[in-house]
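Engineer: What follows is a predicted structure for the sequence shown.
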Amino acid sequence: MATISNRNGRWQVKIRKKGQRTLTKTFLNHETAERWARKTESEMERGLYLDDSDSGRTTTLDEAALRFGKEHLDRLRHGNREKNRLVALLERTGWGPLSLSNLKGKDVSSYTRQREEEGFKPDTIRLDLAILSRLYKHAIQDWSMEALRNPVDVVRRPSLRGTARTRRLEQGEEELLLKAAHQDLKPVILFALETAMRREEIATLTWSNVDLKKRLAHLPKTKNGEARTVPLTNTAAEILKNIPRQLKGTVFGLTKDQITDRMRTTVKRSGLEDLRFHDLRHEATSRFFERNDLDMMEVASITGHKTMHMLKRYTHLRAETLAKKLGKI
């Protein structure tokens, strides 16, 4: 409830609302005071009011990004990648000098439409929106900016429906790929197809985390932040047995970037089209379902997918394999 009183020729407005601190502001004339009181009460009712003292009005996005990076992103395994994405976003949009409270949902929506028109993939745009949203949530929760609104919450995010990669190896493609691969990449390709391990997981695997007797490969650090132990097929164990052991370094002796570069060259040499190293993980996951009696939970424990939804995106069973199974019923 707003009260307006004359104090020494000036008009003082007091707004008292249960559960919130009392707002007080002074104006030179009654009309201005009354207009501010009506506007402020309306915004408070709708949860839109930002107090003038709120630091969201004075903290720029550039300043917030710098602080967010130091307090949060620097602690993450891939924090530099996230910081680079946030910095690039602010530079690309010119939002850096804006205060946190001045960035609106319409600005974010405009950015989304622009990127879509430029042909960027939905997942790329969603990653930009995700890091921006995380910055605002951090400001609200950790910097006591309770009155700040997250502009990403009110915008439409590009749909991922129909965008998931479904690339699998067709008949004869595995042979072509291996024939074109150099000797140091061949075991990496075969191991990926047997384990569904990610590129970085394979690149950082050390002998100290391999138990050939029990046929296990332990991964202390994975993409989702959780350690997991991968059971090895007989073929996967044989691949490792045929690799000379070195006391120091990794099992395969290739960095993740070297694997990517060699894979790109190999695909080009083999004449195959639209094939990436990560597609081998996709292929291996599908093969687990086609060749074994494993259920989704068991496959997830091998591949490290955290949700059944994500696992389903990677799993595309061949129709002929399903037909054979149906023929046995």
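Structural biologist: Received the coordinates, thanks. Numbering: from 1, shown residues only.

Engineer: Now do the same contact list for the closest residue to residue 96 other than its chain neighbours.
Structural biologist: Leaving out its chain neighbours, the residue that sits closest to residue 96 by Cβ to Cβ, 6 or more residues apart in numbering is residue 62, at 3.9 Å. For every residue, glycine as well, the C-beta is placed using N, CA and C. By Cβ atoms under 8 Å, 6 or more residues apart in numbering, the contact set of residue 62 is 90, 96, 97.

Engineer: what separates the last one from residue 173, distance-wise?
Structural biologist: Using Cβ to Cβ, to the nearest Å, we find residue 97 at a distance of 51 Å from residue 173.

Engineer: same thing with the first one?
Structural biologist: In this structure, residue 90 and residue 173 are 42 Å apart, going by Cβ to Cβ.

Engineer: quick one: the strands in this protein?
Structural biologist: 2-7, 10-15, 23-27, 210-211, 216-219, 228-231 (DSSP state E).

Engineer: Redo these as TSV? Include distance to residue 167, mean pLDDT and mean neighbour count.
Structural biologist: Converted to TSV, the strands of the chain look like this (distance: least, Cβ to Cβ, whole Å; pLDDT from 0 to 100; neighbours: other Cβ atoms under 10 Å):
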stretch	distance to residue 167	mean pLDDT	mean neighbour count
strand 2-7	63	86	12
strand 10-15	60	87	17
strand 23-27	59	80	15
strand 210-211	29	94	16
strand 216-219	24	92	18
strand 228-231	22	92	18
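
Engineer: Which one of those strands lies nearest to residue 152?
Structural biologist: strand 23-27 (27.9 Å; Cβ to Cβ).

Engineer: what does the closest one rub up against?
Structural biologist: Outside strand 23-27, the residues touching it (Cβ under 8 Å, 6+ apart) are 7, 10, 11, 12, 13, 14, 15, 33, 36, 40, 51.

Engineer: hmm, try it at 10 Å
Structural biologist: Under the contact criterion Cβ atoms under 10 Å, 6 or more residues apart in numbering, strand 23-27 has outside partners 2, 4, 7-8, 10-17, 32-37, 40-41, 44, 49, 51-53.

Engineer: send the alpha carbons of that strand over as PDB?
Structural biologist: Provided in PDB are the C-alpha atoms of strand 23-27 (Å, rounded to 0.1, in the frame of the first residue of the first chain):
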ATOM      1  CA  LEU A  23      10.300   1.400  -0.300                       C
ATOM      2  CA  THR A  24      10.800   5.200   0.200                       C
ATOM      3  CA  LYS A  25      11.400   7.800  -2.500                       C
ATOM      4  CA  THR A  26      11.000  11.600  -2.600                       C
ATOM      5  CA  PHE A  27       9.800  13.800  -5.500                       C
END
